[in-house]
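Visitor: Predicted model, plus sequence, below.
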Amino acid sequence: MKKTTHFVCQNCGAVYGRWAGQCSACHEWNTIQEEEIQKPDSPTATGGQNGRKIEFLDLRGSPETLFRLKSNIGELDRVAGGGLVPGSVILVGGDPGIGKSTLLLQTVSALTKGVNKDGRPTRCVYISGEESVDQVRLRAMRLSLADNPVELASETRMRDIVATLDDDKAPDIVVIDSIQTMYSDMIESAPGTVGQVRACGHELIRLAKKRGFVLFLVGHVTKEGTLAGPRVLEHMVDTVLYFEGDRGHHFRILRSVKNRFGATDEIGVFEMTDKGLMEVPNPSALFLADRQGNVSGSCVFAGIEGTRPMLVEIQSLVAPMAGTNPRRSVVGWDNNRLNMLLAVLEARCGVSLANKDIFVNVAGGMRLSEPAVDLAVVMAILSCAFNHPLPADMVFFGEIGLSGEIRNVPQSDLRLKEAGKLGFKKALVPPNKNKKTTFKTMDIGNLKTLLTFFNKGDN
Ligand code: TYD
Ligand code: MG
């Protein structure tokens, strides 16, 4: 008899012939579940069993200029690559409660004010599988969005959703909130399992391409920061956006990690208020708002997020070791990178912090991944270790190599310009051989190596 079930890891989607306690692909325990094998799609009417000859075309051609639907929420449109492309599929991931439903309700409400490709008002459908119609209405009322012509439904059955949307008069935008609540009766397993998410996602994506609507799929992230379940959709969709932030802070960051229609690593910054999400057009000012001048261990980093410069405060605390082992703790940055920099300080500069607890925090709940932040982190640590406040009007950036050299980073002009705009007067940056930066308003120091600080270099 033909096997009808297989075992799928709910964390990474690996498939096994039999059950096991631990997934050998992602090493998670108790994540493997039995699921029905999905039947392959029936041969299409045009192709049949024998297939149909495909026609090859030239690379050159005159593509229609890509039409994009604009929500006029600047932060969102930019992250999406300048607007939403009809027929594209966008996965919006994030922790539960971070504000995904709020963001999408505001987005579709804003979109209804625009026009579609044919010049008609944009039709938006919002399907919630998590909340009842009344709950969504209540939120819309609180956000003063209730008057927008968004078409609302509370539904989880895929069969009904497909029957509704597979129509010539399909809407322009469809939001599915969330993909983990959707249920396809073609598959036995429970909603939210990898099999269900994959099957429902696949069906909806196919429909979006066929009918040309923009499809937003909301997916909840697990505490480990991965889109469990929805992660299997990442390769199927056109755009993956993460909505992140700290529940304790009101900043929310929409980050594009994959985009077939725009640049990745672009971010949009929002602030969660009692009237919903507000755009933050000048995030640097906001991130630096709570900064206290003249304290040791604080340093301003001039960073780049996507195409946009962004200034953030790096804070560090160096304290006598409290336990038997020194603690190194980082919020908003990479722990391994911190260990590397501490090793450089010890081995190259002779600064031993081995018997100290070290904490590094990126203020405001931002998460940084650029190597350019190295210099700012080291300066914050040194500033605290030697109890020497850094000038409050100075910014830093630069990557640090293993021999203590300060390496160049991209877009230094853009970083300096933003710092100048926010009133910073000084900068300590890597030397730029190729071009001499001339900023009349700023005093720019070039640092070749960390050793200079310790009279070991020749700078
Ligand atoms: P929600 O959009 O429901 O999160 P998700 O869909 O990602 O699970 O956001 C819920 C949180 O946002 C909740 O903690 C309350 C907060 N919130 C506000 O602070 N202001 C608002 O205007 C709204 C609608 C929500
Ligand atoms: Mg929600």
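Guide: The structure has been received and is ready for your questions. All of these numbers come straight from a predicted model, not from anything done at the bench. Ligands and ions are numbered 1, 2, ... in the order given.

Visitor: And the residue of the stretch 201-350 of the chain that's closest to ligand 1?
Guide: residue 276 (4.0 Å; Cβ to the nearest ligand atom). C-beta coordinates here come from the backbone N, C-alpha and C atoms, glycine included.

Visitor: unless I'm mixing things up, that residue is touching residue 106, no?
Guide: Yes. Between residue 276 and residue 106 there is a contact at 5.7 Å, judged by Cβ atoms under 8 Å.

Visitor: Give the residues shared as contacts by these two.
Guide: Shared contacts of residue 276 and residue 106 (Cβ atoms under 8 Å, 6 or more residues apart in numbering): residue 143.

Visitor: Now do the buried residues in stretch 14-24.
Guide: 14, 23 (16 or more other Cβ atoms under 10 Å).

Visitor: And the pLDDT at the residue of the stretch 201-350 of the chain closest to ligand 1?
Guide: Residue 276 is assigned a predicted lDDT (pLDDT) of 92.

Visitor: that's a helix at residue 420, yeah?
Guide: Yes. Checked against DSSP: H, G, I helix; E, B strand; the rest coil, residue 420 lies within a helix.

Visitor: pLDDT score assigned to it?
Guide: Per-residue pLDDT puts residue 420 at 89.

Visitor: Ligand 1 versus that one, what's the distance?
Guide: Distance, residue 420 to ligand 1, using Cβ to the nearest ligand atom, to the nearest Å: 34 Å.

Visitor: Hmm, residue 441 and that residue touching each other?
Guide: Yes. Using Cβ under 8 Å, residue 420 makes contact with residue 441 at a distance of 5.2 Å.

Visitor: neighbour-wise, which of these two wins?
Guide: Per other Cβ atoms under 10 Å, whichever of residue 420 and residue 441 has more neighbours is residue 420, with 17 against 12.

Visitor: Number of residues surrounding whichever residue of the stretch 351-459 of the chain sits closest to ligand 1?
Guide: Closest residue of the stretch 351-459 of the chain to ligand 1, Cβ to the nearest ligand atom: residue 365 (14.7 Å). Neighbour count of residue 365, defined by other Cβ under 10 Å: 20.

Visitor: show me what contacts it?
Guide: Counted by Cβ under 8 Å, 6+ apart, residue 365 has contacts 245, 246, 248, 249, 251, 332.

Visitor: try 6 Å this time
Guide: 245, 246, 249, 251 (Cβ atoms under 6 Å, 6 or more residues apart in numbering).

Visitor: Which of the residues you listed sits closest to residue 326?
Guide: residue 246 (25.6 Å; Cβ to Cβ).

Visitor: quick one on the thing from earlier: give me the more crowded residue out of residue 276 and residue 106.
Guide: Of the pair residue 276 and residue 106, residue 106 is the one with more neighbours under other Cβ under 10 Å, namely 24 against 20.

Visitor: Output the helix or strand hosting the more buried one as CSV, nothing but the C-alphas.
Guide: Assessed by DSSP states H and E, residue 106 sits inside helix 100-111. The C-alpha trace of helix 100-111 is given here as CSV (Å, rounded to 0.1, in the frame of the first residue of the first chain):
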residue,chain,number,x,y,z
LYS,A,100,1.3,43.5,12.5
SER,A,101,-2.5,43.6,12.4
THR,A,102,-2.5,47.3,13.3
LEU,A,103,0.1,48.0,10.5
LEU,A,104,-1.9,46.1,7.9
LEU,A,105,-5.3,47.6,8.9
GLN,A,106,-3.7,51.1,8.6
THR,A,107,-2.1,50.1,5.3
VAL,A,108,-5.3,48.8,3.6
SER,A,109,-7.2,51.8,4.9
ALA,A,110,-4.7,54.1,3.3
LEU,A,111,-4.6,52.1,0.1
